[in-house]
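>>> Starting from these lines, generate the structure:
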Amino acid sequence: MRIIFFGSPEFALPSLKLLTLRHDVAMVVTQPDKPKGRGRKLSATPVKEYCVEKNIPYISPKAVKTGSFAEKLKAVRADYGVVVAYGRILTEQVLEIPRFGCINLHPSLLPMYRGPAPVNHTLIQGDTISGVTVMQMNKNMDEGDIIVQQKYNISDFKSAGDLLGFFSDKGARLLCDVIDKEESLKKLMDRVPQDHSGATYAPMLNTDTAHIDWRQKADKVSGLIKGLDPRPGAWTMYNGFRIKLFHSEPREFSCQAGEIIGFDGEGLLVGCGEGSVCINEVQLPGKTRMSFKAAISGNQFTVGTFMEV
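Model (predicted):
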């Protein structure tokens, strides 16, 4: 099948790589280079870097609602548009250009967690079951008909980064299997409308979202820390400085909310509204992530003191 691929971040790469092996990826659409880091040097998306390496035709349009953009897509004469974390809203006109429209890989069990941060919110909410969805896109964000879904037990995942990587690989296979099957059948698989009454949303993460409230139960605090790892990182104030915390597990031992209880073989113990959490990694101001042992050796934390509640 002839495909236009829309994608930008690392999450999109397994899908792009697998599609190039099985089908004709005639064009890739990715976001323009953006300034990053302290020097604000322009940086290409991972998808663009891969296209340059493998000599895959690509474009990085600044605007996607123009007639010239639509004409470029029409000229490809694609069978499918495949959208994996492109990062921009496509118009209904664009979605209808490929012969079979555009299909999308979404890392949640739609209609749950529509929006830009589904994996983060899945862990923040403490879900133990999640999955990936391949859907037929329409003009409304994440509201298209479902083609296929795959569920997974996610209880053992310690961070949003790890879970996103897992869904990236599993979703790529599911996505490509859909196209393979429809090519083999010479017809489209059934599309099932979503139950919009069961929709939940996963909005963009921000500084307020990432602020730890130690008055919450331990499982809620731990879920927030996991859901924001590695970015943007759950944070708290300690001794007047903002620090970020990573790799957490709830514990039953209780004391005052925000109190540093001590250290065990696995991490820094901090009290919550109910129970406590064990923190394995921290990031101090101006520093990179480090193990709790490294932080302790630097006398950065004192038993009996408090994180700001």
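>>> pull the longest helix from this structure.
helix 160-185 (DSSP state H).
>>> quick one, whichever helix or strand comes after it and helix 160-185 angle?
Heading C-terminal from helix 160-185, the first helix or strand you meet, by DSSP states H and E, is helix 218-227. In this structure, helix 218-227 runs at an angle of 70 degrees to helix 160-185, with axes from the mean of the first three to the mean of the last three Cα atoms, to 10 degrees as the basis.
>>> helices or strands up against the longest helix of the chain?
Packed against helix 160-185, as judged by 3 or more Cβ pairs under 8 Å, 6 or more residues apart in numbering; DSSP states H and E, are the following elements: helix 13-22, strand 80-84, strand 102-106, helix 118-124, strand 129-136, strand 146-153. In this view, the C-beta of every residue, glycine as well, is placed from N, C-alpha and C.
>>> so which of these gets nearest R231?
Judged by Cβ to Cβ, the one of the helices and strands packed on helix 160-185 that comes nearest to R231 is helix 118-124, at 8.9 Å.
>>> Just the residues contacting the closest one, thanks.
106-108, 112-113, 115, 130, 154, 157, 159-160, 163-164, 167, 202, 205, 223-224, 226-228 (Cβ atoms under 8 Å, 6 or more residues apart in numbering).
>>> at 6 Å what do you get?
If you take Cβ atoms under 6 Å, 6 or more residues apart in numbering as the criterion, helix 118-124 is touched by 107-108, 113, 130, 160, 163-164, 202, 205, 223-224, 226-227.
>>> ditto for stretch 271-280
Stretch 271-280 is touched from outside by 214-218, 221-222, 245, 247-257, 259, 261, 266-270, 292, with contacts defined as Cβ under 6 Å, 6+ apart.
>>> related to what we said a few turns ago, could you give the angle of the longest helix of the chain to helix 13-22?
30 degrees.
>>> Name the residues of helix 160-185 that are buried.
Residues of helix 160-185 classed as buried: 160-168, 170-172, 174-176, 178-179, 182 (neighbour count, 16 or more other Cβ atoms under 10 Å).
>>> Over to stretch 286-306?
When burial is assessed from 16+ other Cβ under 10 Å, stretch 286-306 yields the following buried residues: R289, M290, F292, A295, I296, Q300, F301, F306.
>>> Then stretch 15-31?
The neighbour-count criterion (16+ other Cβ under 10 Å) identifies 15-16, 18-20, 23, 25-31 as the buried residues of stretch 15-31.
>>> For the residues you listed, work out which two are farthest apart.
H23 and Q31 (22.5 Å).
>>> so how far is M290 from G233?
From G233 across to M290, the span is 13 Å (Cβ to Cβ, to the nearest Å).
>>> swap that for L245, please
Note on L245: its distance to M290, by Cβ to Cβ, is 12 Å.
>>> list the residues that contact both of those two?
Overlap between the neighbourhoods of L245 and M290 is empty, taking contacts as Cβ under 6 Å, 6+ apart.
>>> so who does the closest residue to A12 other than its chain neighbours touch?
Nearest-residue entry for A12: V84, 4.1 Å, with adjacent residues in sequence omitted and distances by Cβ to Cβ, 6 or more residues apart in numbering. Under the criterion of Cβ under 6 Å, 6+ apart, the contact partners of V84 comprise G7, A12, S15, L105.
>>> what about 10 Å?
Applying Cβ atoms under 10 Å, 6 or more residues apart in numbering to V84 gives the contacts 5-9, 11-16, 19, 47, 103-107, 168, 171-172, 175.
>>> circling back: inside helices: which ones of the contacts of stretch 271-280?
When DSSP H defines the helices, the subset of the contacts of stretch 271-280 inside them is A218, V221, S222, F292.
>>> ok, the third one touching G126?
Okay, so that is S222. Yes: with contact defined as Cβ atoms under 10 Å, S222 reaches G126; the gap is 8.4 Å.
>>> Which residue of the two possesses the greater neighbour count?
Remark: of S222 and G126, S222 carries more neighbours, 27 against 16, as counted by other Cβ atoms under 10 Å.
>>> returning to what we had before: the longest helix of the chain relative to strand 146-153, how many degrees between them?
For helix 160-185 and strand 146-153, the angle between their directions (the same axes, to 10 degrees) works out to 140 degrees.
>>> 445 is where my numbering starts, stick with that
Sounds good: first residue 445 from here, last item helix 604-629.
>>> Helix 604-629 versus strand 573-580: what angle between them?
With the same axes, to 10 degrees as the criterion, the two stretches helix 604-629 and strand 573-580 enclose an angle of 40 degrees.
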